[in-house]
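In: need the 3D shape of this:
(one chain, ligands or ions: 1)
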Amino acid sequence: MNEPTSLDRNPPRWRRLETSAGDAGGSHAAAEGVEPLPLLASPVALPISRLLRSCALSRRTSSAEPWAQSPSAACCCPQPTHSSSPMERLKSAVPAELRRAVGEGAAADLPSTTSRLLAFLEALPLFRQVIGELTDTELALCRKDKGRAAELKGKGNACFSKREFEQALGFYSQALRYFPISPDGTDASLIATLYVNRASTMHKLGLLEECLRDCDRAISVSPNYAKAWYRRGMVNASFKNYSSSIHDLEVALSMEVTSSGKSNIEQELKLILQKHQNVNEVGTSSSNCINADMQHTEQQPKVILECTSTPNKGRGMTSPNDISPASLIHAEDPLAVIILKSCRDTHCHYCFSEAPADVVFCTSCTIPIYCSNRCQEKAIGQMSCNQNTRLESNNNVVDIAKLSVTSTKSKTPDSKQIAEHRHECGGVHWAAVLPADIVLAGRIMAQYIEKQLLAGKRSTISGPNLDLVHHYDQDSSASKFESHIYATVLLLCLQSYYKSGVTWAEDSLSQLVLLICQIKVNSIAIVHMKSMDGGKVLTKGFSGFSGAFMCSVEQVRVAQAIYMSGSFFNHSCRPNIHAYFHSRTLILRSTEYIKAGSPIELSYGPQVGEMDLPERQKSLRENYYFSCGCSSCSVLSLSDLVMNSFCCPQSNCLGAVSELIHHRHKENFVHVSIGESDVCTLSLPDVSKFDEDIVKVGKLFFKSDTMFNIDPGFCMSCRSQLDFSSAVAMSDRATSKINRLKELPSLDNVPEVLVAEALQSLEQIEKLRHPYSKALAQAHDTIAEAFAKVGDQEQARKHCEASIKILEKLYHPRHITIAHELIKLVSIELSMGDGASAAAAFARADAIFSLYYGPDVKRILPYVDALRRTVSERVKRGWS
Ligand SMILES: C[S@@+](CC[C@H](N)C(=O)[O-])C[C@H]1O[C@@H](n2cnc3c(N)ncnc32)[C@H](O)[C@@H]1O
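Out: Just a heads-up that it's a prediction; the model follows:
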């Protein structure tokens with residue numbers, strides 16, 4: 001039910017860093033990681049996560065870091081989530097007085113607080129030990145390791161012989177991860193063998209395209225390897241791509257030296273030649289990149305944007321022209337980006353899509369994985385060839401002079417040429433250990449340093465000095481102290497990498513602390529769609545659709561990025577633009593008509609309809625350090641009044657009863673507060689522009705011009721009193737009974753008694769909760785889903801429609817949440833054979849999706865196209 005519409009900026013650090021369930025940010029962070037949506041994208045047949053995890057030696061994906069397993073590292077490396085971790089010990093070693101000075105200092109005091117802390121830490125043996133272990137490639141667990149690779153390959157072979165193909169695949173992938181790539185190509189045949197072994201395993205598992213890509217890789221590293229040609233011939237035959245198959249097998253035959261091998265190939269060739277004569281070719285082309293279409297199909301934005309200063313939000317974006325709905329406002333690649341730890345073994349580190357079974361790895365360390373050679377090449381950058389020797393020799397000293405000479409000869413400095421994680425690469429494991437936003441700060445620093453060096457500027461390095469807002473002074477003492485500690489550790493890691501190649505300015509540490517604070521306020525969570533159970537039904541276009549399904553899509557936070565221009569867009573709880581991602585590119589699109597000169601604003605997470613006013617304000621204050629001054633937080637709205645409210649005890653009163661205190665000021669203001677703290681001031685809306693509902697819900701605000709209070713538990717329309725706490729308790733009990741339906745492992749055999757109980761609970765909620773409350777919408781939604789799955793589509797439709805009606809009040813009728821709900825309704829109506837209603841609901845949903853995604857709908861929500869085809873087929877067939 002939650003909506004994935006917002007641009008998720010920067011959720012609270014600890015949740016953001018290590019949890020596996022993520023989301024698009026802000027207080028979206030509260031629903032970390034995933035947001036249930038009704039639909040799905042096409043699933044990967046065998047997710048790499050499963051394959052890598054099926055292997056005993058796989059890298060762990062959560063907060064448990066690889067270095068924690070190392071006997072040598074166990075003693076000292078920082079472990080951010082563990083109370084007795086070295087980082088915690090480091091923090092507690094700092095004297096209270098110094099800690100207080102850091103925590104109480106303002107931004108202007110940074111030169112003094114950072115240098116005092118640095119002086120203290122540098123003299124601390126524990127600190128030197130931590131830095132040593134983080135940066136020493138010999139101690140590190142992220143370096144390539146031929147012995148380990150051989151061991152993993154052996155395990156893969158053993159599993160293959162036992163026909164345990166999934167496990168074999170996991171081991172072969174891990175072996176490739178650890179296998180060192182020597183610059184002179186001496187181990188090419190070993191790598192080719194690994195690719196061919198993995199290809200054979202994938203062939204057995206029916207992963208044909210993946211198999212073909214691995215064969216291509218084996219051939220490209222070792223063109224004379226007969227087995228690679230043979231395997232490619234066989235997989236091409238599986239694709240019925242017979243001429244290619246025959247060609248490959250003929251090449252294999254010419255290269256094979258053993259007579260048994262030759263006769264085997266001859267036999268296969270004979271069979272395939274026969275088939276070739278009988279069958280027309282279908283075939284597939286071999287591609288080394290599953291994300292070949294990384295470029296936007298749409299043209300660059302034509303909207304002119306201006307950055308202007310606003311009285312209460314700082315800088316913000318506007319346009320001198322009117323903007324029509326669904327216009328492409330802005331598209332931007334990040335200045336720097338980092339994958340979240342929860343996705344490190346499951347998603348490509350370049351494009352952030354879910355990694356396929358034939359994942360490829362960084363050539364120099366064991367951290368990044370890529371979905372394709374293309375992403376690997378893009379991430380490594382065009383200059384990586386200059387770096388291989390250094391990285392392979394495990395020598396952590398970068399030859400800056402050589403780098404400058406070789407690179408500046410032909411190229412102007414461009415961040416795209418710089419390997420994204422080169423400074424973290426080669427085996428050091430600070431990149432794997434430090435929190436994601438600290439590693440992101442490191443990437444921005446490294447990019448800045450290398451640009452300076454490439455440009456031949458040998459000036460003393462201070463910091464990138466990004467022109468971005470930060471709220472250091474408003475930060476808590478604990479957070480300031482933590483930023484200091486991390487900045488110091490990071491600086492020492494960077495110094496260790498650049499050694500004498502770089503001279504550091506005195507204020508570099510202060511700059512780094514500020515950079516970390518800028519990242520907190522300005523970084524954006526990149527989210528991608530993830531298909532859930534039942535997804536195949538939709539992407540297959542309903543051809544074999546039996547009616548018993550309700551699919552879902554999750555929105556998963558995969559990475560954290562800094563977009564320079566994207567950082568100038570302010571937040572609104574009712575945004576007029578929508579943010580989404582194509583690979584790592586941020587795309588902003590208008591969702592309504594925007595008048596020239598009006599603020600162009602997106603949501604950082606909290607939105608009207610999803611959270612009420614105090615929740616939104618709290619979230620924005622906690623996560624972004626500002627009190628929201630958007631228009632929706634300045635005017636009393638129906639959604640905020642009713643969302644979490646209860647019914648008036650008077651049966652024919654539509655008044656809302658909430659736990660908030662509402663104080664009506666005589667000058668047409670309403671102060672809203674929970675208890676003493678959080679107070680928000682709202683003006684009364686222009687009633688002529690609102691429908692009758694809001695007046696009915698809060699009659700007292702509109703019918704009176706004197707000052708008064710409405711206390712928690714009193715109706716805002718007639719002042720009748722409700723036993724609020726018992727209403728809350730009863731409503732919560734009823735909700736949890738309904739939610740039991742969600743917990744069932746399968747809805748194929750739902751006990752009737754459970755459904756009956758859920759319906760009784762719904763009746764109770766209807767009596768207790770306000771008719772426009774979110775709890776009621778959610779109850780209807782859960783019950784609709786249960787009925788759809790057990791096959792009672794009539795009931796499913798009734799409850800789905802009821803849920804949509806409420807959500808239209810809470811959000812607005814053209815909000816993306818409504819579109820997702822409408823898709824559920826379409827699937828129900830299709831399964832009822834009601835093509836006309838399905839077509840009408842689909843048209844409404846499609847119009848909203850087009851508004852939010854423009855021509856990108858197909859790519860972001862592939863099922864929408866499948867549904868479109870199904871709906872029109874059904875209508876054509878006259879099902880209506
Ligand atoms: C990503 S920056 C946006 C650009 C920023 N206004 C600037 O001057 O650079 C986020 C910061 O802008 C301000 N801001 C954004 N939206 C706001 C809002 N709705 N109300 C008040 N301040 C806002 C806050 O200071 C917030 O921390």
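
In: list the contacts for the residue in the stretch 101-250 of the chain positioned nearest to the ligand?
Out: Taking Cβ to the nearest ligand atom as the measure, the stretch 101-250 of the chain has Ala107 as its residue closest to the ligand, at 14.4 Å. Just so you know, the C-beta spots here come from the backbone N, C-alpha and C atoms, and that holds for glycine as well. Applying Cβ atoms under 8 Å, 6 or more residues apart in numbering to Ala107 gives the contacts His470, Tyr472, Asp473, Leu514.

In: for the stretch 251-400 of the chain, what spans make up the helices?
Out: Taking DSSP state H, counting those that start in this stretch as the test, the helices found in the stretch 251-400 of the chain are 259-278, 373-380, 388-392, 400-410.

In: quick one, strands of the stretch 251-400 of the chain?
Out: 306-310, 314-318, 328-332, 336-339, 360-361, 369-370 (DSSP state E, counting those that start in this stretch).

In: got TSV for the ones you listed, with distance to Lys378, mean neighbour count and mean pLDDT too?
Out: Below are the strands of the stretch 251-400 of the chain laid out as TSV (distance: least, Cβ to Cβ, whole Å; neighbours: other Cβ atoms under 10 Å; pLDDT from 0 to 100):
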stretch	distance to Lys378	mean neighbour count	mean pLDDT
strand 306-310	30	11	94
strand 314-318	29	18	97
strand 328-332	17	20	95
strand 336-339	12	25	96
strand 360-361	12	24	94
strand 369-370	9	26	96
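
In: can I get those strands in JSON lines with distance to the ligand?
Out: What follows is the strands of the stretch 251-400 of the chain, written out as JSON lines (distance: least, Cβ to the nearest ligand atom, whole Å):
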{"stretch": "strand 306-310", "distance to the ligand": "7"}
{"stretch": "strand 314-318", "distance to the ligand": "3"}
{"stretch": "strand 328-332", "distance to the ligand": "13"}
{"stretch": "strand 336-339", "distance to the ligand": "16"}
{"stretch": "strand 360-361", "distance to the ligand": "35"}
{"stretch": "strand 369-370", "distance to the ligand": "30"}
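
In: between those strands, which one is nearest to Ser254?
Out: strand 360-361 (28.4 Å; Cβ to Cβ).

In: sheet-wise, list the partners of the closest one with their directions.
Out: Neighbouring strands of strand 360-361 in its sheet, by DSSP bridges, are strand 369-370 (antiparallel).

In: run the angle between the longest strand along the chain and strand 328-332 for me.
Out: Secondary structure assigned by DSSP state E gives strand 553-562 as the longest strand of the chain. Counting by axes from the mean of the first three to the mean of the last three Cα atoms, to 10 degrees, strand 553-562 lies at 60 degrees to strand 328-332.

In: other SSEs contacting whichever helix or strand comes after strand 553-562?
Out: With elements assigned by DSSP states H and E, the helix or strand that comes after strand 553-562 is strand 577-582. Where contact means 3 or more Cβ pairs under 8 Å, 6 or more residues apart in numbering; DSSP states H and E, strand 577-582 is packed against strand 524-531, strand 585-590, helix 835-853.

In: would you turn the ones you listed into CSV with mean pLDDT, mean neighbour count and distance to Glu554?
Out: Output for those, formatted as CSV (pLDDT from 0 to 100; neighbours: other Cβ atoms under 10 Å; distance: least, Cβ to Cβ, whole Å):
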stretch, mean pLDDT, mean neighbour count, distance to Glu554
strand 524-531, 85, 26, 5
strand 585-590, 96, 23, 20
helix 835-853, 95, 20, 17
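
In: what would those look like in TSV with distance to Cys647?
Out: Shown next, in TSV, are the helices and strands packed on strand 577-582 (distance: least, Cβ to Cβ, whole Å):
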stretch	distance to Cys647
strand 524-531	36
strand 585-590	38
helix 835-853	29
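
In: which stretch among those comes nearest Asp437?
Out: Proximity to Asp437, assessed across the helices and strands packed on strand 577-582 by Cβ to Cβ, is greatest for strand 524-531 (10.7 Å).

In: list the strands paired with that closest one, with their directions.
Out: Assessed with DSSP bridges, strand 524-531 is paired to strand 553-562 (antiparallel).

In: between the longest strand of the chain and strand 577-582, what angle do the directions make?
Out: Interaxial angle of strand 553-562 relative to strand 577-582 (the same axes, to 10 degrees): 90 degrees.

In: please compute how far strand 553-562 lies from its chain's middle.
Out: Mean-position distance between strand 553-562 and its chain equals 1 Å (Cα atoms, centre = their mean, to the nearest Å).

In: tell me the angle that strand makes with strand 585-590.
Out: Relative orientation of strand 553-562 and strand 585-590, computed by the same axes, to 10 degrees: 110 degrees.

In: which parts of strand 553-562 are buried?
Out: Val553, Glu554, Gln555, Val556, Arg557, Val558, Ala559, Gln560, Ala561, Ile562 (16 or more other Cβ atoms under 10 Å).

In: ok, the residue of the chain positioned farthest from its centre - contacts?
Out: The C-alpha centroid of the chain is most remote from Ser259, which lies 53.1 Å away (Cα atoms, centre = their mean). Contact analysis of Ser259 by Cβ under 8 Å, 6+ apart lists nothing.

In: that older thread, quick check: phi and psi on the residue of the stretch 101-250 of the chain closest to the ligand?
Out: phi -60, psi -40 (degrees, to the nearest 10).

In: mean confidence for the helix of greatest length in the chain?
Out: Counting by DSSP state H, the longest helix found in the chain is helix 477-498. In this model, helix 477-498 has an average pLDDT of 95.

In: list the buried residues in stretch 422-433.
Out: Using 16+ other Cβ under 10 Å as the test for burial, stretch 422-433 gives Arg422, His423, Glu424, Cys425, Gly426, Gly427, Val428, His429, Trp430, Ala431, Ala432, Val433.

In: one step back: between the strands of the stretch 251-400 of the chain, which gets nearest to Ser353?
Out: Closest among those, once you apply Cβ to Cβ, is strand 369-370, at 10.1 Å.

In: that older thread, among the buried residues of stretch 422-433, name the ones in helices.
Out: In helices, defined here by DSSP H, the members of the buried residues of stretch 422-433 are Trp430, Ala431, Ala432, Val433.

In: what sits against the second one?
Out: Taking Cβ under 8 Å, 6+ apart as the definition of contact, the neighbours of Ala431 are Cys142, Ile367, His421, Glu424, Cys425, Val439, Gly442.

In: now do 6 Å
Out: Glu424, Val439 (Cβ atoms under 6 Å, 6 or more residues apart in numbering).

In: tell me the pLDDT at it?
Out: 88.

In: return only those of the buried residues of strand 553-562 found close to the ligand.
Out: When these are checked against the ligand using Cβ under 6 Å from any ligand atom, none falls in range.

In: closest to Arg844 out of those?
Out: Arg844 lies nearest to Val553 out of the buried residues of strand 553-562, by Cβ to Cβ, at 18.7 Å.

In: tell me the pLDDT of the closest one.
Out: On the pLDDT scale, Val553 is placed at 67.

In: go on, Thr61?
Out: 26.

In: next: Arg557.
Out: 94.

In: so for the helix or strand hosting Asp732, mean pLDDT?
Out: If you go by DSSP H and E, Asp732 is part of helix 724-743. With pLDDT averaged residue by residue, helix 724-743 scores 93.

In: around the ligand, which positions in the protein sit nearby?
Out: So the chain meets the ligand at 312-316, 469, 471, 521-522, 567-568, 570-572, 624-626, 628-630 (Cβ under 6 Å from any ligand atom).

In: in a strand, Thr681, correct?
Out: Yes - judged by DSSP: H, G, I helix; E, B strand; the rest coil, Thr681 forms part of a strand.

In: list the contacts of it.
Out: Phe669, His671.
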